[in-house]
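A.B. asks: Build the 3D model from these lines:
(one chain, ligands or ions: 2)
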Amino acid sequence: MKNNRILIFDTTLRDGEQCPGASMNLREKLEVARQLARLKVDVIEAGFPVISDGDFTAVQKIAKEIKGPIITGLARCVNKDIDAAGEAVKPAGKRGRIHVFLATSKIHRDFKLGKAEDEIIRLAVKGVQRAKQFVDDVEFSPEDGSRTEPDFLVKVCREVVAAGATTVNIPDTVGWAVPDEFGELIRHLYNEVPEFKSGKAIISVHCHNDLGLAVANSLAAVRAGARQVECTVNGIGERAGNASLEELVMALKTRADVYKGFKCAVNTKEIVKTSRLVSRMSGLVVQRSKAIVGENAFAHSSGIHQDGILKKRETYEIVDPEMVGWGKTELPLTKHSGRAAVNARLKHLGFKMTDQEVLTIFARFKEIGDKKKFVYDDDLATLVEGHITEVPETWSLDYVCVTTGTQAIPTATVRLIKTGKKKSAKPEILEDAGIGDGPVDAALKAVDRLTKTHGTLKDYNIRAVSQGKDALGEVMVKVDFGDGELLTGRGAGTDVIVASAKAYLNAVNRYMSSESRKARKKD
Ligand code: KIV
Ligand code: ZN
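C.D. replies: Ligands and ions are numbered 1, 2, ... in the order given. All right, here's what the predicted structure looks like:
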């Protein structure tokens, strides 16, 4: 095999975003796409354009703004899907790709589609040909590929490649495969489809993690001839998620002795920053022990390990944490730091902000600078990410006061400002109180009474953003307002009750916001 370049296809904004409660708004998606470009992934799957106006606009905006990676949109083998994807990726010009898919396994053919093999091939070919009218770069995925009869899969691959597909992606849609078997399947396809051998088309893989094997299966596929791997940051995605980008990339790099000669272009130093951004934008917390990006990934607690590390790092550490972007904190800012210093640090962190936004962040920086001694990079990033995830504020928090203790019924008084739809309308100030199981519950009940919403808190996470007793607390909530959809809310502050009320209010505002309503899936 001459070509040993492994293309990293990131589907955080499509398959990752399909994960319940992970939906992002346009600004959040754009910020993730910018960071993926800094990470130097080869392909960004920016969404499924036909599914909602929000998805269409996001793919189109990303295709327009992001330079470097190929931008793709997903489509079923249905004309309206392909046309929407073609239109959405148009601004990317030659870097535009359409990714069409159709299920091929017997179980999907018989029970989901009710179609025979010939009909599946006919539709797949038609889909690829239609996509070709928009772009040269067409990817085809036989959905549930790993459970498709190998000989039929060969037939499908040959036909779609003949129709013009330049990449054929083999999905392990339900995470069924195991590494040896999946590797064999990929080797079989590589040997049986002449265009894969000649390099005219490439094999890609897309593995789900239902048995915890997504990364292992992807690596087995690479050894067997796959030259593109599809993955998501932090491994987010449907059910147990997708192959995790950071694990795949670091396995290829760290075990270069096994994956000899394989190269990928990812800038590993951007990995931790990307992981944190995706976690905040998606509202999905990264588990502490997650490989590469978890808080504990490089924490050595046992004395024997610590001793070994001090003598020679490689005794217990196979990846240099600095290589993936951990450590090396810059000198923290303080309340005496000026706007120029804050602006310089924002640029260093990679945030693209307008002058007005820098002013807003600077005002918030001053507020927390008054409350804590040092403002670390992570604190600043949290302020910016809080700003990015803001939605139009129907309600904003003016004041919260709680009484609680071992002998008291937790009570919260909350004052909110309601901004009218018209800019000229005078804001209304409303105040009410609530009691609850604890001060947070009491504060959220008061918010519910004032906003006349009835949210059910499905998830509540709090973490210290930086170091010290005065660390900024960041609260992330997932709330169901009765329609079954989980909306994310975030809030940060040195007081965790205030941060919790802000996070809940952020979810309320998201629920109220028309952008989010429009972005909700059409079907
Ligand atoms: O898991 C899957 O099969 C997919 C396809 C659309 C590629 O996400
Ligand atoms: Zn998938």
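A.B. asks: can you list contacts of the host helix or strand of residue 361?
C.D. replies: Assigned by DSSP states H and E, residue 361 belongs to helix 355-371. Contact partners of helix 355-371, identified using Cβ atoms under 8 Å, 6 or more residues apart in numbering, comprise 333-337, 339, 342-343, 346, 353, 375, 379-380, 383-384, 386-387, 470, 472, 493-494. Any C-beta I mention is one placed from the backbone N, CA and C, and that applies to glycine too.
A.B. asks: Pull out the buried members of these.
C.D. replies: Buried members of the contacts of helix 355-371, scored by 16 or more other Cβ atoms under 10 Å, are 333, 337, 342-343, 346, 353, 375, 379-380, 383-384, 386, 472, 493-494.
A.B. asks: Residue 275: which of the residues you listed is nearest?
C.D. replies: residue 384 (16.0 Å; Cβ to Cβ).
A.B. asks: which strands and helices sit next to the helix or strand hosting residue 448?
C.D. replies: For residue 448, the element it lies in under DSSP H and E is helix 439-451. If you count contacts as 3 or more Cβ pairs under 8 Å, 6 or more residues apart in numbering; DSSP states H and E, helix 439-451 packs onto strand 395-403, strand 411-418, strand 428-435, helix 496-512.
A.B. asks: In TSV: the ones you listed, plus distance to residue 154.
C.D. replies: As requested, those are arranged in TSV below (distance: least, Cβ to Cβ, whole Å):
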stretch	distance to residue 154
strand 395-403	58
strand 411-418	62
strand 428-435	63
helix 496-512	47
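A.B. asks: Off-centre distance for stretch 450-462?
C.D. replies: 23 Å (Cα atoms, centre = their mean, to the nearest Å).
A.B. asks: What average pLDDT does that stretch get?
C.D. replies: Averaging the model's pLDDT scores along stretch 450-462 yields 93.
A.B. asks: what's the straight distance from one end of that stretch to the other?
C.D. replies: End-to-end distance for stretch 450-462: 24 Å, by Cα to Cα, to the nearest Å.
A.B. asks: List the buried residues for that stretch?
C.D. replies: Here stretch 450-462 shows 450, 451, 453, 455, 457, 460, 462 as buried, counting by 16+ other Cβ under 10 Å.
A.B. asks: Show residues contacting it.
C.D. replies: Contacts for stretch 450-462 (Cβ under 8 Å, 6+ apart): 21, 285, 394-395, 414, 416, 430-432, 440, 444, 447-448, 473-482, 486, 496, 499-500, 504-505, 507-508, 511.
A.B. asks: quick one: the nearest residue to residue 70 once chain neighbours are set aside from ligand 1, how far?
C.D. replies: Distances taken as Cβ to Cβ, 6 or more residues apart in numbering place residue 43 nearest to residue 70, at 4.4 Å, with adjacent residues excluded. Going from residue 43 to ligand 1 by Cβ to the nearest ligand atom, to the nearest Å gives 13 Å.
A.B. asks: okay, how far is it across stretch 189-203, tip to tip?
C.D. replies: End to end - Cα to Cα - stretch 189-203 spans 8 Å.
A.B. asks: what residues go with each domain of this protein?
C.D. replies: 7-282, 299-326, 339-386, 395-522 (automatic domain parsing).
A.B. asks: now, of these, which is deepest in the fold?
C.D. replies: domain 7-282 (a mean of 21; mean count of other Cβ atoms under 10 Å).
A.B. asks: quick revisit: among the buried ones among the contacts of helix 355-371, which are located in strands?
C.D. replies: With strands taken from DSSP state E, the overlap with the buried ones among the contacts of helix 355-371 comprises residue 493.
A.B. asks: worst-scoring helix or strand of the protein, pLDDT-wise?
C.D. replies: helix 514-519 (a mean of 51; mean pLDDT, DSSP states H and E).
A.B. asks: Could you pull up phi and psi at the residue of the chain most remote from its centre?
C.D. replies: The outermost residue of the chain, judged against the average C-alpha position, is residue 407 (43.7 Å), by Cα atoms, centre = their mean. Backbone torsions of residue 407, given as degrees, to the nearest 10, read phi -110, psi 0.
A.B. asks: so what's it up against?
C.D. replies: Contacts of residue 407 (Cβ under 8 Å, 6+ apart): none.
A.B. asks: and the gap between it and ligand 1?
C.D. replies: Distance from residue 407 to ligand 1, by Cβ to the nearest ligand atom: 54 Å.
A.B. asks: Please apply the same query to residue 173.
C.D. replies: Counting by Cβ to the nearest ligand atom, the gap from residue 173 to ligand 1 is 3 Å.
A.B. asks: repeat for residue 263
C.D. replies: Distance from residue 263 to ligand 1, by Cβ to the nearest ligand atom: 24 Å.
A.B. asks: Spatially nearest residue to that residue, not counting backbone neighbours?
C.D. replies: Going by Cβ to Cβ, 6+ apart, residue 263 has residue 5 as its nearest residue, at 5.4 Å.
A.B. asks: quick one: that neighbour and residue 261 touch, right?
C.D. replies: No: here residue 5 does not reach residue 261: they are 9.8 Å apart, not a contact under Cβ atoms under 8 Å.
A.B. asks: And the helices and strands packed on helix 439-451: which comes nearest ligand 1?
C.D. replies: helix 496-512 (25.8 Å; Cβ to the nearest ligand atom).
A.B. asks: And the contacts of stretch 121-135?
C.D. replies: Contacts for stretch 121-135 (Cβ under 8 Å, 6+ apart): 75-79, 82-83, 85-87, 89-90, 96-98, 100, 102, 104, 115, 138, 140, 142, 155-156, 159-160, 162-165.
A.B. asks: Briefly note if it comes near ligand 1.
C.D. replies: No: Stretch 121-135 stays clear of ligand 1 (Cβ under 6 Å from any ligand atom), getting no nearer than 12.4 Å.
A.B. asks: What's the mean pLDDT across that stretch?
C.D. replies: For stretch 121-135, the per-residue pLDDT averages 98.
A.B. asks: And stretch 393-402, by the same measure?
C.D. replies: 92.
A.B. asks: Please state the offset of it from the chain centre?
C.D. replies: With Cα atoms, centre = their mean, you get 29 Å for stretch 393-402.
A.B. asks: can you check stretch 117-136 too?
C.D. replies: With Cα atoms, centre = their mean, you get 29 Å for stretch 117-136.
A.B. asks: who's in contact with the helix or strand encompassing residue 309?
C.D. replies: Assessed by DSSP H and E, residue 309 sits inside helix 303-311. Residues outside helix 303-311 that contact it (Cβ under 8 Å, 6+ apart) are 300, 315, 316, 317.
A.B. asks: can you redo those as JSON lines with secondary structure, pLDDT and distance to residue 127?
C.D. replies: Formatted as JSON lines, the contacts of helix 303-311 follow (DSSP: H, G, I helix; E, B strand; the rest coil; pLDDT from 0 to 100; distance: Cβ to Cβ, whole Å):
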{"residue": "300", "secondary structure": "coil", "pLDDT": "72", "distance to residue 127": "51"}
{"residue": "315", "secondary structure": "helix", "pLDDT": "87", "distance to residue 127": "53"}
{"residue": "316", "secondary structure": "coil", "pLDDT": "86", "distance to residue 127": "50"}
{"residue": "317", "secondary structure": "coil", "pLDDT": "87", "distance to residue 127": "47"}
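A.B. asks: With respect to residue 221, which of those is nearest?
C.D. replies: For these, the nearest to residue 221 is residue 317 (27.9 Å; Cβ to Cβ).
A.B. asks: Give the closest residue to the closest one in space, chain neighbours not counted.
C.D. replies: According to Cβ to Cβ, 6+ apart, the nearest residue to residue 317 is residue 309 (6.2 Å).
A.B. asks: hmm, back to that, what about the buried residues of stretch 450-462, which are in helices?
C.D. replies: 450, 451 (DSSP state H).
A.B. asks: can you tell me which of the buried residues of stretch 450-462 lies nearest to residue 188?
C.D. replies: residue 460 (48.0 Å).
A.B. asks: What residues are recorded as beta-bridge partners of the closest one?
C.D. replies: Following DSSP bridges, residue 460 is listed with bridge partners residue 477.
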